[in-house]
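Undergrad: Quick one, fold the following:
(one chain, ligands or ions: 2)
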Amino acid sequence: MKGLIVKNTGSWYIVRTASGEEIPCKIKGTFRLKGFRCTNPVAVGDHVEIDRRPDNTAFITKIDERKNYIIRRASNLSKEFQILAANLDLAVLVVTLVNPETSTTFIDRFLATAEAYNVDTLIAINKIDLLVDDDSRALLEAVAYLYASIGYDVIKMSTVTGEGLQELARALTGKMSLLSGNSGVGKSSIINKLVPGARLRVGTISDVHHTGMHTTTFSEMLDLPAGGAIIDTPGVKGFGTIDFEKGEVAHYFPEIFKMSSQCRYNNCTHTHEPGCAVLEAVSDHRIAQSRYASYLSIIDDSTEGKYRKPY
Ligand SMILES: Nc1nc2c(ncn2[C@@H]2O[C@H](COP(=O)(O)OP(=O)(O)OP(=O)(O)O)[C@@H](O)[C@H]2O)c(=O)[nH]1
Ligand SMILES: [Zn+2]
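TA: Ligands and ions are numbered 1, 2, ... in the order given. All right, here's what the predicted structure looks like:
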């Protein structure tokens, strides 16, 4: 029998079958993922085969091939990984310009990671009701324009005034989406507006349990009324870090990648080389300073090819 994993409770996986029935399942045997150790080999979004037993529980016997999946380290220094979600159509990055201010470095690292994972990203700029004076309005337009011009979908929104909510609901319809973003940007508020009856806890910014400790995450798929679903991964603000190889970082910045075809040397790192089209575009403001700074910051802590991203 085939089914879709809709929830991970820690000890059980809830599998929804074609008839809509939800069956608690366990894993049978060991599933090995190419090249990395994984504490949690099956994830919400996985299509699986199950072997049902008379007591109405079942074993997961096979995982279908995934179109993509996102992982994170089980803890900061751990070599083990956890799969957070599989078969995503869209990652929604929720950002805010005030209260709290999302840094461009965080945004750009997220976008680059999503590119590496082969997941489309939509940027939802939330809390625009707080941007009232001319300067903050201008900043909003500048940020929206910057990312739209690179090719990302951008929605300006507020869960307080309702602005942009319809547009976001339309963008999510029929898709399997993951909502990410720093603590306090309004992810729970957005889910509460989009998913009737979800009633997630809003408002208590609880940095105490966000600080680097091992937190086991149980994800859940929340169905959208018009079709599609949001995968909620409580306590996870991003994709986790990827160890990029220096040479590949430019591939994940679409505008830098596009420009790099015109660099004099085809192994150009776009940091100091003569005839570098990227450096030229940065000085002409055809590539944004903030994006280039994020590129450099990733290059700085990327590895020299001794360790590849684990998939
Ligand atoms: N002014 C304003 N406040 C908002 C908006 N959306 C959410 N908030 C408030 O921002 C605070 C944080 O919202 P949450 O929905 O809990 O944010 P979150 O991203 O889920 O936070 P974590 O659970 O810590 O990751 C709450 O006080 C919300 O009421 C908005 O559009 N405008
Ligand atoms: Zn170059």
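Undergrad: use CA for all of it now, contacts and neighbours both
TA: Will do.
Undergrad: Contact residues of this structure facing ligand 1?
TA: 126-127, 129-130, 158-160, 182-189, 202-203, 205 (CA under 6 Å from any ligand atom).
Undergrad: Strands - which of those land there?
TA: Those of these mapping onto strands are N126, per DSSP state E.
Undergrad: Starting from ligand 2, give me the distance back to the residue in the stretch 1-150 of the chain that ligand 1 sits nearest to.
TA: Per CA to the nearest ligand atom, K127 is where the stretch 1-150 of the chain lies closest to ligand 1, at 3.4 Å. Taking CA to the ion, to the nearest Å as the measure, K127 falls 37 Å from ligand 2.
Undergrad: Helix or strand with the lowest mean pLDDT in this protein?
TA: When each helix and strand of the chain is scored by mean pLDDT, DSSP states H and E, strand 38-40 comes last, with a mean of 68.
Undergrad: Downstream of it, the next helix or strand is which one?
TA: strand 47-52 (DSSP states H and E).
Undergrad: partner strands of that following strand, parallel or antiparallel?
TA: Note on strand 47-52: by DSSP bridges, its sheet partners are strand 2-8 (antiparallel), strand 58-63 (antiparallel).
Undergrad: between the ones you listed, which gets nearest to G174?
TA: Minimum separation from G174 across those (CA to CA) falls at strand 2-8, 15.4 Å.
Undergrad: Touching the closest one from outside, list them.
TA: 13-18, 43-50, 218-221 (CA atoms under 8 Å, 6 or more residues apart in numbering).
Undergrad: ditto for stretch 140-155
TA: Outside stretch 140-155, the residues that reach it (CA under 8 Å, 6+ apart) are 97, 121-125, 131, 156, 164, 167-168, 254-255, 288.
Undergrad: how about 6 Å then?
TA: Stretch 140-155 has contacts (CA atoms under 6 Å, 6 or more residues apart in numbering) with L122, I123, A124.
Undergrad: rewinding a little: what subset of the residues of the chain next to ligand 1 is buried?
TA: Neighbour-count burial (16 or more other CA atoms under 10 Å) applied to those gives N126, K127, S158, T159, N182, S183, G184, V185, G186, K187, S188, S189.
Undergrad: So what sits opposite the closest residue in space to P24 that isn't next to it in sequence in the bridge?
TA: Distances taken as CA to CA, 6 or more residues apart in numbering place I14 nearest to P24, at 4.6 Å, with adjacent residues excluded. Using DSSP bridges, the beta-bridge partners of I14 come out as K7, P24.
Undergrad: what's the burial count for D108?
TA: D108 sits with 21 neighbouring residues when counted by other CA atoms under 10 Å.
Undergrad: Next, it: secondary structure please.
TA: helix (DSSP: H, G, I helix; E, B strand; the rest coil).
Undergrad: For I123, see how far away it is.
TA: The gap separating D108 from I123 is 11 Å, by CA to CA, to the nearest Å.
Undergrad: same check, this time on Y147
TA: From Y147 to I123 the distance is 8 Å (CA to CA).
Undergrad: Those two: which has the busier surroundings?
TA: For Y147 and I123, the more surrounded residue by other CA under 10 Å is I123, and the numbers stand at 23 against 18.
Undergrad: quick one: the more buried one from ligand 2, how far?
TA: 27 Å.
Undergrad: Could you check how far stretch 50-57 is from the centre of its chain?
TA: 34 Å (CA atoms, centre = their mean, to the nearest Å).
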